[in-house]
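**Q** only geometry, no sequence info:
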């Protein structure tokens, strides 16, 4: 996994603004595989699945875009790549509850977990 330079990303709001804050995933339309990540009731990122049945998704945060793809079955992981790249820049390893760690080549790690029954996400 190559080192990823977070400082060169053109994202708004900054990732630093979201760290330690409660984030919430929302699905505006029940039958559509499109989600909005919100902070204080404003959209800060989106996640859109490319097909109705596959695991390939595109995430957008500001001007940055990534693809996410599930790997494995009994011990699944989700790879994170710059859009259009074949190189993993990060890997999410979920536990049985859905919470888990996102690890990046730079050594940065973020723990994602549900903060309550409604599945708000804490970073």
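**A** Looks like it arrived, so ask away. Keep in mind that what you see is a predicted model, and the values were worked out from it rather than measured.
**Q** quick one: end-to-end length of stretch 99-109, please.
**A** Taking CA to CA, to the nearest Å, the first and last residues of stretch 99-109 lie 13 Å apart.
**Q** counting neighbours, which bits of it end up buried?
**A** Of the residues in stretch 99-109, those buried by neighbour count under the rule 16 or more other CB atoms under 10 Å are 100, 102, 103, 104. C-beta: built from backbone N, CA, C; applies to glycine.
**Q** tell me which of those residues fall in strands.
**A** 100, 102, 103, 104 (DSSP state E).
**Q** which ones are touching the most centrally placed residue in the chain?
**A** The geometric centre of the chain, computed from its C-alpha atoms, lies nearest to residue 59 (CA atoms, centre = their mean), at 6.7 Å. Applying CB atoms under 8 Å, 6 or more residues apart in numbering, we find residue 59 in contact with 45, 46, 47, 65, 66, 67, 68, 80.
**Q** distance between stretch 106-115 and the chain's centre?
**A** In terms of CA atoms, centre = their mean, to the nearest Å, the centre of stretch 106-115 is found 10 Å from the chain centre.
**Q** related to what we said a few turns ago, any idea which helix or strand comes after the strand or helix carrying the residue nearest to the centre of the chain?
**A** Residue 59 is part of strand 57-61 when elements are defined by DSSP states H and E. The element immediately downstream of strand 57-61 (helix or strand, assigned by DSSP H and E) is strand 64-71.
**Q** how about that next one: buried residues?
**A** In strand 64-71, the ones that count as buried by 16+ other CB under 10 Å are 64, 66, 67, 68.
**Q** orientation of that strand relative to strand 57-61 in degrees?
**A** Angle between the axes of strand 64-71 and strand 57-61 is 150 degrees (criterion: axes from the mean of the first three to the mean of the last three CA atoms, to 10 degrees).
**Q** list the pairing partners of strand 64-71 within its sheet, with orientation.
**A** Taking DSSP bridges as the criterion, strand 64-71 pairs within the sheet with strand 57-61 (antiparallel), strand 77-82 (antiparallel).
**Q** follow-up on the earlier one: and which of the buried residues of stretch 99-109 is nearest residue 35?
**A** Closest approach to residue 35 among the buried residues of stretch 99-109 (CB to CB): residue 102, at 16.3 Å.
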